[in-house]
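Engineer: Give me the fold of what follows.
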Amino acid sequence: MQDVLHDVLYLVASILFILGIKSMTHPRTAVRGNMLGASGMLVATIVVYMAVMNRGESLASVNIGLIVGAVAGLVLAVKIEMTAMPQLVAFFNGMGGLASLLVAGVNLGFVEGTPDHAEMIATAVSGLIGSVTFLGSMIAMGKLWELGFSKWELPLPVSFRHLLNAVLILICLFCGYRLTGDAGVEWYLGISITGCLLGFTLTSPIGGADMPVVIALLNSYSGLAASATGFVIGNNVLIVSGSLVGASGIILTSIMCKAMNRSLLNVLFGAVTKGEIADADEVYATVKSTSAEEVAMMLETAQRVVVVPGYGMAVAQAQRAVRDLATILEANDTEVEYAIHPVAGRMPGHMNVLLAEADVPYEQLKELSTINPTFDEVDISIVLGANDVVNPTAREEGSPIYGMPILDVDKSRVVIVIKRSLSPGYAGIPNPLFAQDNTLMLFGDGKDCITSITTAINT
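Structural biologist: Predicted coordinates:
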């Protein structure tokens, strides 16, 4: 009877996970989706607690895990700023992979007699994907946080790097084959160590501009590792939840690749054409700067304004200041919209989350395909901390970002670029948009600049 109750509660948890993911497909219902997912995890945790009690085993380790996990989750939720959310997601992906790796490994120690081949295959898969996810996510997190260890990279030509990855994969497959034969812990250890090396060699060469894709893919990996671990320990809810995360992560990865006009293999193996990079001094020879007062004067007569947010907005925490400026412009009968590039920021949906936090109406957020045909009708485009996603060299064959869809802000009547400096984006190339005849640069902190423009309009 207890087993039936556990299965029913696991089914309830699985339904909550599915409803949660469904709700998180739209900003209006995202908060509810998050709560549904958290509720599903709570139900699953209660079932584990009940199962341990029914077996008459000590609850000490379970209690310690619950306390440590709850405290860690609370601290991270309170301390981590929205600007660091991509790093936190990468960290969670890594911890999910590590958890799957450890659970499958511990379970291996309880195998007696002739091992079950299906269980051993699941164990090998869990070890491989879990280890790749763990170290790969740590490297991704380090790149986003610009930590020193994330800059380590094997100084190998691309062809040799591919060969090394192939050798590491073959070693993992061989260890997995031996593991299914005698269930030796040493073979699992071989999979784990080699998988970690593979996670490093796969992730370390990938540039920061591709991190949104990498994070989405690693999120999928963590789900697949959890699902495989569910088969190892016979846990239905782990199989279901892991499969959901794995499938949604793959779908999101595909969407991000299409948004960048890149194939997944191109991103993973760092096969980005270097191209010819123009000299920054030449590109920026005709850059014109402006002031907050001059921008305010132009905005007072504009009929349509489009804000293009980028990672600079996240760093400056300028989303509320932008919303305040938009409110004033709308009171002056100015149409205000927000052009959202799919890979703006450091993770999928980064700009959507920040603007939703500032209570920006979702209807004003326009996708690239929707707003691009109308940029020639825009009076003023305000580029706030964006760089590569508005770089017109993406249209030029031979450019390192050639073919990547961009926001066509250069077609606006006037472009105001708010940026701390002329430093390049993740692609590491200068942006000729900054030197166009219709572009004015407003240098400074994003939040301070927007606040100064708002103040100038009000005075």
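Engineer: For residue 342, give me its contacts.
Structural biologist: 212, 255, 256, 259, 260, 348, 367, 368 (C-beta atoms under 8 Å, 6 or more residues apart in numbering). All C-beta spots, glycine's among them, are computed from the backbone N, C-alpha and C.
Engineer: And it, how close does it get to residue 245?
Structural biologist: 20 Å (C-beta to C-beta, to the nearest Å).
Engineer: likewise residue 99?
Structural biologist: 13 Å.
Engineer: Which one of these two is surrounded by more residues?
Structural biologist: Neighbour count, other C-beta atoms under 10 Å: between residue 99 and residue 245, residue 245 has more, with 23 against 16.
Engineer: so that one is in which element?
Structural biologist: Here residue 245, judged by DSSP states H and E, is contained in helix 236-260.
Engineer: Pull out the buried positions in stretch 315-335.
Structural biologist: In terms of neighbour count (16 or more other C-beta atoms under 10 Å), stretch 315-335 has its buried residues at 315-323, 325-326, 328-329, 334.
Engineer: same deal with stretch 445-456?
Structural biologist: The neighbour-count check on stretch 445-456 (16+ other C-beta under 10 Å) flags 445, 446, 447, 449, 450, 451, 452, 453, 454, 456 as buried.
Engineer: what's the answer for stretch 185-205, then?
Structural biologist: 187-188, 190-192, 194-205.
Engineer: wait, which of the buried residues of stretch 445-456 is closest to residue 405?
Structural biologist: residue 446 (23.8 Å; C-beta to C-beta).
Engineer: Once you drop chain neighbours, what's closest to that closest one?
Structural biologist: Distance criterion C-beta to C-beta, 6 or more residues apart in numbering; nearest residue to residue 446, sequence neighbours excluded, is residue 316 at 3.4 Å.
Engineer: now do residue 49
Structural biologist: Nearest non-adjacent residue to residue 49, counting by C-beta to C-beta, 6+ apart: residue 62, 6.2 Å away.
Engineer: Identify the residues contacting the one you found.
Structural biologist: 48, 49, 52.
Engineer: which among those residues end up buried?
Structural biologist: residue 48.
Engineer: Can you lay out the contacts of residue 62 as TSV showing secondary structure and distance to residue 89?
Structural biologist: Output for the contacts of residue 62, formatted as TSV (DSSP: H, G, I helix; E, B strand; the rest coil; distance: C-beta to C-beta, whole Å):
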residue	secondary structure	distance to residue 89
48	helix	25
49	helix	27
52	helix	30
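Engineer: ok, how many other residues are close to the closest residue to residue 185 other than its chain neighbours?
Structural biologist: Take residue 185 and drop its neighbours on the chain: the residue closest to it by C-beta to C-beta, 6+ apart is residue 108, 6.0 Å away. Residues near residue 108, counting by other C-beta under 10 Å, number 23.
Engineer: next one: residue 34
Structural biologist: 13.
Engineer: Check residue 57 too.
Structural biologist: So residue 57, with other C-beta under 10 Å, has 11 neighbours.
Engineer: ok so it is a helix residue?
Structural biologist: No - going by DSSP: H, G, I helix; E, B strand; the rest coil, the assignment for residue 57 is coil, not a helix.
Engineer: Quick check on it: phi, psi?
Structural biologist: With angles defined as degrees, to the nearest 10, residue 57 sits at phi -90, psi 160.
Engineer: which residues touch it?
Structural biologist: Contacts here follow C-beta under 8 Å, 6+ apart; on that basis residue 57 touches nothing.
Engineer: how close does it sit to residue 69?
Structural biologist: Taking C-beta to C-beta, one finds residue 57 at 19 Å from residue 69.
Engineer: what does residue 186 give?
Structural biologist: From residue 186 across to residue 69, the span is 31 Å (C-beta to C-beta).
Engineer: in the stretch 301-450 of the chain, which ranges drop under the pLDDT threshold?
Structural biologist: Scanning the stretch 301-450 of the chain for pLDDT under 70 picks out nothing.
Engineer: Mind doing that once more with 80?
Structural biologist: Scanning the stretch 301-450 of the chain with the threshold set as pLDDT under 80 gives 345-349, 398, 400, 425-428.
Engineer: which residue ranges form the helices in it?
Structural biologist: Remark: helices assigned in the stretch 301-450 of the chain by DSSP state H, counting those that start in this stretch are 311-316, 319-331, 350-357, 368-371, 446-458.
Engineer: Break the protein down into its structural domains.
Structural biologist: Annotated domains of the chain cover 80-268, 280-458 [automatic domain parsing].
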